[in-house]
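Asker: turn this into a model:
(2 chains)
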Number of protein chains: 2
Amino acid sequence: MRRISLLGATGSIGIQTLDVIREHRSEFELVTMSVGKNIEKARQLVSEFKPKILSVQEKEDAEILKSEFPGVKVLFGQEGLVEVACHQEVDVVVNAVLGSVGLYPTLQAIESGKTIAIANKETLVTAGHLVMKAAKEKGVALLPVDSEHSAIFQSLQGESPKNIEKMIITASGGSFRDRTREDLKGVTVKEALNHPNWSMGAKITIDSATMMNKGLEVIEAHWLFNIPYDDIEVLLHRESIIHSMVQFHDSSVIAQLGTPDMRVPIQYALTYPDRLPRNNSSRLNLAEISKLHFEKMDYERFRLLKLAFDAGRIGGSVTTVLNASNEAAVAAFLSGEISFLQIEDFVERALERHQVIQEPDLGTIQEIDQETREFVRSLY
Amino acid sequence: MRRISLLGATGSIGIQTLDVIREHRSEFELVTMSVGKNIEKARQLVSEFKPKILSVQEKEDAEILKSEFPGVKVLFGQEGLVEVACHQEVDVVVNAVLGSVGLYPTLQAIESGKTIAIANKETLVTAGHLVMKAAKEKGVALLPVDSEHSAIFQSLQGESPKNIEKMIITASGGSFRDRTREDLKGVTVKEALNHPNWSMGAKITIDSATMMNKGLEVIEAHWLFNIPYDDIEVLLHRESIIHSMVQFHDSSVIAQLGTPDMRVPIQYALTYPDRLPRNNSSRLNLAEISKLHFEKMDYERFRLLKLAFDAGRIGGSVTTVLNASNEAAVAAFLSGEISFLQIEDFVERALERHQVIQEPDLGTIQEIDQETREFVRSLY
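Answerer: Sure, this is the predicted structure:
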């Protein structure tokens, strides 16, 4: 029995994590959970899973739910998130919140010795050095949930890190992969949200279309697997069947494949190093798929990926700026305030004006994060 | 330093094993070796590698070489093979001989506690139950050298056998993959020897064209990985880039990939569980390859594969008959005495007349092997 804390229960990863828990009731127990503002969904989940603690974003929502569920401890805000993550009965914290809000509770959960299943890539992008250092000091495992990182992690089982030559992260290309830069000028939010392979939240779907999602994954891979940026390659693979690969120094490549289904990597993180059956996931049928396609990544076409590699190589506070400016710009695009290509422009402008600080502490990261968002908002 | 005994040094696998040893002189030492009748090549290899024992097929050749290399113990025949395999300074025996002649020395080497790197699939096809039982009793590791089995073995590292759902063995389709059965009627030996992806010996290249090679691999996989025939699938994959795969019960698939190069799986067997660099093997470039193709296997088109599955399922002495009849028929085809499609016919006729003996002992296997070859020779 693994006892789970789920941060971000009503997001795409959260919902699929609950699917996995439902499918294996005797293996998993949801001890604590957090949601944002989706209170109606929170009511359903509390009734179904009966967690010991529920945390919500807003105080007012907490007050309402408290009276409705007298048997449940209802909290709110960052303090609530931390209590949810650090509850003494919890073994694994699934960090599936959106954006950099996942950082502080993750650090606290590591402090408390919890295993972290990490779906929130911004946590590692903004503060990889702090998170990895804390995890190492506490001897805590960081298990990837992202399909690409899970693929790499699965490919590394039984292998020695010293033998790794290269990691190859595959990219579907997102909703606009067949468009030129010229074609991107007038694209709408609705078009951008139409991902060809994966059903995901809005922010990550936009990040897929700009290829920033792959950039964040590159930085996440750098931290999770302690791999230099020069040894990470991004490969266009439109079918999203090979989820990623590891090349070893004997030229052998190990890959993890499957029909796109986020419940598979989520479940792997929860069962690692073992596996449990998945009766509700369809099996890969390569004969039916017939062809897999691969293409060299075009860094001119996908400028944000290039910027992400550059930011990662410089390191320090630069990746915080990359992430915060992107979050702010994507939010502005989703609310219809800026155009698709302005996302890139705003990120680039935020990076250009920033003076790098190496090894920033948590306070500095949070300041830079806020200041960058304000700068982006000042641009439109 | 691993001390190696190489059975079959002048065959395709033998030559490539010596390449690997050459590339890592400080890691490997060739202690003993055997060759068949290629005495000229044997001379070169003895001069270069200075083994303690050389065994050849014929007594006369042994006499000649003995006088030429007074510092080397020169032996011949089956006794010579056994002494080469069981030499006390040997850690790993690479069984790369052709045909069922590899069986007895392999059993003897297992008795002596040697690790076996097995490239000779007939050993497991004709006597898998004896070999696996002996290996288990002696606690000896059987490491696959075939690219497909090495791929499965690599994909299984860090995984628990109980979680395996299926093994997917890929097949290039051989030199006649794009021909119909009608087209096969008049094919020549030269055409059959022109394999599209792999450079291998004549016998295995013909076996690839008939798909018997894949049938032998299915039976070998059954024994090596203790997997039921119902859980083995053969998938046509013309590029031979994905060398084989394992599907786990959570629907996740792990695969091993690479540019076709037998030195990679050979070296893995010699370095397992570690890996050593391979500077002389080209790296996989999927963007350049651009497309990978997959097709359902056609068991009508490739009748020998169907016969191999059937033979494996019945088990006992039937796989000995399958292998012996195929060896005799392929030899007859290579010497121009029968047509390509007669290989299938002769194997089928040998199987039809055989009364299965379950759990045959070594003597029975050898008798059935001889008797089957004689039967096939009586057909033309």
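Asker: show me what the helix or strand where residue A:63 lies is packed up against.
Answerer: Using DSSP states H and E, residue A:63 maps to helix A:59-68. Other elements packing on helix A:59-68 under the criterion 3 or more C-beta pairs under 8 Å, 6 or more residues apart in numbering or on different chains; DSSP states H and E are helix A:39-49, strand A:53-56, strand A:73-76. Yep, even glycine has a C-beta here, placed from its N, CA and C like the rest.
Asker: quick one: buried residues of the longest one?
Answerer: By that I understand helix A:39-49. By neighbour count on 16 or more other C-beta atoms under 10 Å in any protein chain shown, the buried set for helix A:39-49 is A:39, A:42, A:43, A:45, A:46, A:49.
Asker: show me the contacts for the last one.
Answerer: The neighbourhood of residue A:49, defined by C-beta atoms under 8 Å, 6 or more residues apart in numbering or on different chains, consists of A:18, A:21, A:30, A:33.
Asker: one more time with 6 Å
Answerer: By C-beta atoms under 6 Å, 6 or more residues apart in numbering or on different chains, the contact list for residue A:49 reads residue A:30.
Asker: again with the fifth one
Answerer: If a contact means C-beta under 6 Å, 6+ apart, then residue A:46 has A:54, A:69, A:72 as its contacts.
Asker: what residues does the stretch 251-380 of chain A put near chain B?
Answerer: Counting by C-beta under 6 Å from any C-beta of the partner chain, the stretch 251-380 of chain A comes close to chain B at A:251-258, A:264, A:267, A:275, A:277-278, A:281, A:283-284, A:286-287, A:290-296.
Asker: mind checking which of those residues are buried?
Answerer: The neighbour-count test (16+ other C-beta under 10 Å) marks A:251-258, A:264, A:267, A:275, A:278, A:281, A:284, A:286-287, A:292, A:294 as buried among those.
Asker: restricted to helices, list those residues.
Answerer: Mapping these onto helices (DSSP state H) picks out A:264, A:267, A:286, A:287.
Asker: tell me the contacts of the first one?
Answerer: Residue A:264 makes contacts with A:258, A:281, B:251, B:252, as judged by C-beta under 6 Å, 6+ apart.
Asker: what helix or strand does residue A:219 sit in?
Answerer: Residue A:219 is part of helix A:212-224, with elements assigned from DSSP H and E.
Asker: assign a three-state SS to residue A:84, would you?
Answerer: Following DSSP: H, G, I helix; E, B strand; the rest coil, residue A:84 is assigned to helix.
Asker: quick check: buried residues in the helix or strand of chain A with the lowest mean pLDDT?
Answerer: Across the helices and strands of chain A, mean pLDDT, DSSP states H and E gives its lowest value to helix A:189-192, namely a mean of 89. Neighbour-count burial for helix A:189-192, with 16+ other C-beta under 10 Å as criterion, is recorded at residue A:192.
Asker: could I have that helix exported to PDB, CA atoms only?
Answerer: Once non-C-alpha atoms are left out, helix A:189-192 reads as follows in PDB (Å, rounded to 0.1, in the frame of the first residue of the first chain):
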ATOM      1  CA  VAL A 189      -6.200  30.100 -29.100                       C
ATOM      2  CA  LYS A 190      -8.600  27.400 -30.200                       C
ATOM      3  CA  GLU A 191      -6.200  26.200 -32.900                       C
ATOM      4  CA  ALA A 192      -3.300  26.100 -30.500                       C
END
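Asker: which residues of the stretch 201-350 of chain A score low on pLDDT?
Answerer: By pLDDT under 70, the stretch 201-350 of chain A contains no weakly predicted segment.
Asker: I figured residue A:215 hits residue A:306, correct?
Answerer: No. With contacts counted by C-beta atoms under 6 Å, residue A:215 stays clear of residue A:306, the gap being 8.2 Å.
Asker: and those two? Which one has more around it.
Answerer: Between residue A:215 and residue A:306, counting by other C-beta atoms under 10 Å in any protein chain shown, residue A:215 is the more crowded of the two (31 against 16).
Asker: buried stuff in stretch A:299-314?
Answerer: In stretch A:299-314, the ones that count as buried by 16+ other C-beta under 10 Å are A:301, A:302, A:303, A:304, A:305, A:306, A:307, A:308, A:309, A:311, A:312.
Asker: quick one on the thing from earlier: including mean pLDDT, could the helices and strands packed on helix A:59-68 go into CSV?
Answerer: Putting the helices and strands packed on helix A:59-68 into CSV (pLDDT from 0 to 100) gives the following:
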stretch, mean pLDDT
helix A:39-49, 97
strand A:53-56, 98
strand A:73-76, 98
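Asker: now the element after the least confident helix or strand of chain A, going C-ward?
Answerer: Downstream of helix A:189-192, the first helix or strand assigned by DSSP H and E is helix A:202-210.
Asker: dump the contacts of residue A:264 to JSON lines, plus distance to residue B:329.
Answerer: Output for the contacts of residue A:264, formatted as JSON lines (distance: C-beta to C-beta, whole Å):
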{"residue": "A:258", "distance to residue B:329": "41"}
{"residue": "A:281", "distance to residue B:329": "44"}
{"residue": "B:251", "distance to residue B:329": "41"}
{"residue": "B:252", "distance to residue B:329": "41"}
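Asker: quick check: the farthest pair among the residues you listed?
Answerer: The span of the contacts of residue A:264, defined through C-beta to C-beta, is set by A:281 and B:252 at 8.9 Å.
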